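In: Provided below for reference: sequence and predicted model.
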Amino acid sequence: MEKAEPVRVYDRAFFLLCSGTVLFMASFGMLLPELPAHLASMGGEAYLGGVVGMFTLAAFLSRFLSGRIADQAGRRKVMLIGSAVTAVAGFGYLVATSIVTFLALRFFHGLSTGFRPTGTSAMLTDRIPKNRRGEALGYLGVAGNAGMATGPALGSWLTVEWGIEWMFVASALLGMASVLFTWPLEETLPDARPIQRKDLNPLKGPLIDPQAWPAAVVLLPIAIAFGVYLTITPDFVDHLGYRYKGSFNSIIVVSSIAMRFIAGKMSDRYGRIPVMLTGILLLALGMGLLGSAEDKAMATIAALVYGASIGINMPTVFAWTADLAQEGRIALALGTMLMSLEIGIGAGAVLSGMYFQGDVTHIKELYYMASVAAALTGIALIPPFLRGRKS
C-alpha cells in the first residue's frame with residue numbers, strides 16, 4: 001500500500017490560505033453582533049431577519065456559479081472575488097443610511113461567502129491526500145474560527161468605544177488585507193482558464209452535484225440552528241447583561257477551535273458518520289441549554305457545548321462532501337453542500353426574526369425548536385451509523 005503523504009501544514013501556501021481566511025472571516029464576522037441594533041436604530045426592527053436573510057439569499061444564489069467557476073476557471077479567482085466583495089461592502093455600510101439601501105448592501109455582501117469558502121476549501125482539498133482531508137479541513141476551520149473569534153469582539157469594542165462607523169472601516173480594511181494575502185497563491189486547478197461568459201449563464205453547464213446531497217441534508221439543521229443563533233443571540237446576551245456582545249460569540253468560537261484540532265483527525269480515522277452523529281447530538285444539547293439559560297454561568301456552559309458541536313460538524317461535513325464528489329467536481333460538490341448552509345441559515349434567520357419581533361420571552365422557544373430539529377437529524381443518522389459498525 002502506498003504511504004500517504006503528510007499534510008504540508010506549515011508551507012507558505014498554507015500560511016497564505018489560512019491567513020486570508022482569518023482576515024475574511026473577521027471582516028464579515030465582526031459586523032454580526034452589532035448590525036441588528038444598527039438596523040433597529042434606522043426603524044427597521046421588523047426587518048431584523050433580513051440582516052442574515054438577505055446575506056444568505058445572495059450567498060445561496062451565487063453558489064450556483066461559484067462551484068462551476070472554481071472547477072473551470074480556478075480556485076484562486078473565486079477566492080479573490082469573495083474577499084474583494086467583503087472589502088467593498090465594509091465601506092458601503094458607511095453610506096447605507098436607509099432600510100432599503102442597508103438590505104440591498106446585505107445582499108451584495110452575501111456574495112462574498114458564496115465565493116470565498118468554496119474556492120478555499122477546493123484549493124485545500126487539491127493539496128492534500130484523501131485520507132487526511134478531515135485533518136486539513138479541521139486546521140482550515142481553526143483559521144476561520146480564529147477570525148470569527150477576534151472579529152465580533154473587535155467589532156463590539158470599536159462600536160462601543162469609537163462608534164459603529166469605525167467598525168465598518170475596520171471591516172473594509174480586513175477585507176482588503178484578505179485580498180492581499182490571497183493574491184500570491186498559485187492556482188491548484190490544472191489547466192485553469194479565464195472566466196468566460198458561459199460560466200455566468202445558469203442555463204449552461206451543471207449547477208449542482210447530486211452526489212453531495214447526503215452531506216447537504218445533514219448540514220441543514222446545523223445551518224438552521226446557526227440562523228436562529230445569529231438572529232436572536234445579540235438580544236439574548238444583551239438581556240443577560242453583556243456590555244460587549246461579541247465576547248459571548250468568542251466563547252463559542254474558542255470552543256469550536258479546540259474541537260477542530262481533533263475532530264477532523266477523528267473523522268479520518270473512524271469515519272464521517274460516527275463523528276457527525278456525535279456533533280449533531282451535541283448541537284441538540286447546546287441549543288437546549290441556551291434555551292434554559294437564565295444567567296451568564298449557564299449561558300457560558302451552553303456556549304461551550306454549542307461551540308464544540310460546530311467544531312465537530314463543520315470539518316466532518318466538508319470532508320464527507322469531498323469524499324462524495326464526482327471526479328473533477330469537488331468545488332461544485334462543495335458549493336452544492338454550502339447551498340444547504342445558506343438555505344438553513346436564511347430560513348432560521350427569517351423565521352426566527354418574524355417570530356421574535358424583539359420579544360425576549362420568545363428566545364427560549366426558538367432555541368428549543370432548533371434543538372428538536374437537531375435531535376431528529378441525530379435519530380436519522382443512527383441507522384447508517386449501525387450499518388457502518390456491522391460492516
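Out: Yep, that arrived.

In: residue 210 - nearest residue in space that isn't next to it in sequence?
Out: residue 336 (7.9 Å; CB to CB, 6 or more residues apart in numbering). All C-beta atoms are positioned from the backbone trio N, CA, C, and that covers glycine.

In: can you name the element that comes right after the host helix or strand of that neighbour?
Out: Using DSSP states H and E, residue 336 maps to helix 330-356. Next helix or strand after helix 330-356 toward the C-terminus (DSSP H and E): helix 363-390.

In: any idea how far that next one is from the chain center?
Out: Centre-to-centre, helix 363-390 and its host chain are 20 Å apart (CA atoms, centre = their mean, to the nearest Å).

In: packing partners for it?
Out: For helix 363-390, the packing partners by 3 or more CB pairs under 8 Å, 6 or more residues apart in numbering; DSSP states H and E come out as helix 213-240, helix 272-292, helix 330-356.

In: how much does the first one deviate in direction from helix 363-390?
Out: Using axes from the mean of the first three to the mean of the last three CA atoms, to 10 degrees, one finds that helix 213-240 and helix 363-390 are set 150 degrees apart in direction.

In: what's the burial count for residue 53?
Out: 27 (other CB atoms under 10 Å).

In: re earlier: deepest of the helices and strands packed on helix 363-390, which one?
Out: Of all those, helix 330-356 carries the top mean neighbour count, a mean of 25, counting by mean count of other CB atoms under 10 Å.

In: show the average pLDDT along it.
Out: Per-residue pLDDT over helix 330-356 has a mean of 84.

In: just stretch 201-220 next, same as before
Out: The predicted model assigns stretch 201-220 a mean pLDDT of 81.

In: mind checking what secondary structure residue 187 has?
Out: Of the three states, residue 187 takes coil according to DSSP: H, G, I helix; E, B strand; the rest coil.

In: got the buried residues for stretch 84-103?
Out: Neighbour counts over stretch 84-103 (16 or more other CB atoms under 10 Å) mark 84, 85, 86, 87, 88, 89, 90, 92, 93, 96, 102, 103 as buried.

In: using PDB, write out the CA atom coordinates for it.
Out: Only the C-alpha atoms of stretch 84-103 are listed here, as PDB (Å, rounded to 0.1, in the frame of the first residue of the first chain):
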ATOM      1  CA  ALA A  84     -13.000  41.900  -2.800                       C
ATOM      2  CA  VAL A  85     -16.700  41.900  -2.200                       C
ATOM      3  CA  THR A  86     -16.400  42.000   1.600                       C
ATOM      4  CA  ALA A  87     -13.900  44.900   1.300                       C
ATOM      5  CA  VAL A  88     -16.200  46.900  -0.800                       C
ATOM      6  CA  ALA A  89     -19.200  46.100   1.400                       C
ATOM      7  CA  GLY A  90     -17.400  47.400   4.500                       C
ATOM      8  CA  PHE A  91     -17.100  50.900   3.100                       C
ATOM      9  CA  GLY A  92     -20.700  50.600   1.700                       C
ATOM     10  CA  TYR A  93     -22.200  50.400   5.200                       C
ATOM     11  CA  LEU A  94     -20.900  54.000   5.800                       C
ATOM     12  CA  VAL A  95     -23.400  55.300   3.200                       C
ATOM     13  CA  ALA A  96     -26.200  52.800   3.600                       C
ATOM     14  CA  THR A  97     -28.400  55.000   5.800                       C
ATOM     15  CA  SER A  98     -31.900  53.800   4.800                       C
ATOM     16  CA  ILE A  99     -33.500  50.400   5.400                       C
ATOM     17  CA  VAL A 100     -33.700  49.700   1.600                       C
ATOM     18  CA  THR A 101     -30.000  50.500   0.900                       C
ATOM     19  CA  PHE A 102     -28.900  48.600   4.000                       C
ATOM     20  CA  LEU A 103     -30.800  45.400   3.000                       C
END
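
In: now the buried residues of stretch 84-103 in JSON lines, with secondary structure, distance to residue 53 and pLDDT?
Out: As requested, the buried residues of stretch 84-103 are arranged in JSON lines below (DSSP: H, G, I helix; E, B strand; the rest coil; distance: CB to CB, whole Å; pLDDT from 0 to 100):
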{"residue": "84", "secondary structure": "helix", "distance to residue 53": "23", "pLDDT": "96"}
{"residue": "85", "secondary structure": "helix", "distance to residue 53": "18", "pLDDT": "95"}
{"residue": "86", "secondary structure": "helix", "distance to residue 53": "18", "pLDDT": "94"}
{"residue": "87", "secondary structure": "helix", "distance to residue 53": "23", "pLDDT": "95"}
{"residue": "88", "secondary structure": "helix", "distance to residue 53": "21", "pLDDT": "95"}
{"residue": "89", "secondary structure": "helix", "distance to residue 53": "16", "pLDDT": "94"}
{"residue": "90", "secondary structure": "helix", "distance to residue 53": "20", "pLDDT": "92"}
{"residue": "92", "secondary structure": "helix", "distance to residue 53": "18", "pLDDT": "93"}
{"residue": "93", "secondary structure": "coil", "distance to residue 53": "17", "pLDDT": "92"}
{"residue": "96", "secondary structure": "coil", "distance to residue 53": "16", "pLDDT": "86"}
{"residue": "102", "secondary structure": "helix", "distance to residue 53": "13", "pLDDT": "87"}
{"residue": "103", "secondary structure": "helix", "distance to residue 53": "9", "pLDDT": "89"}
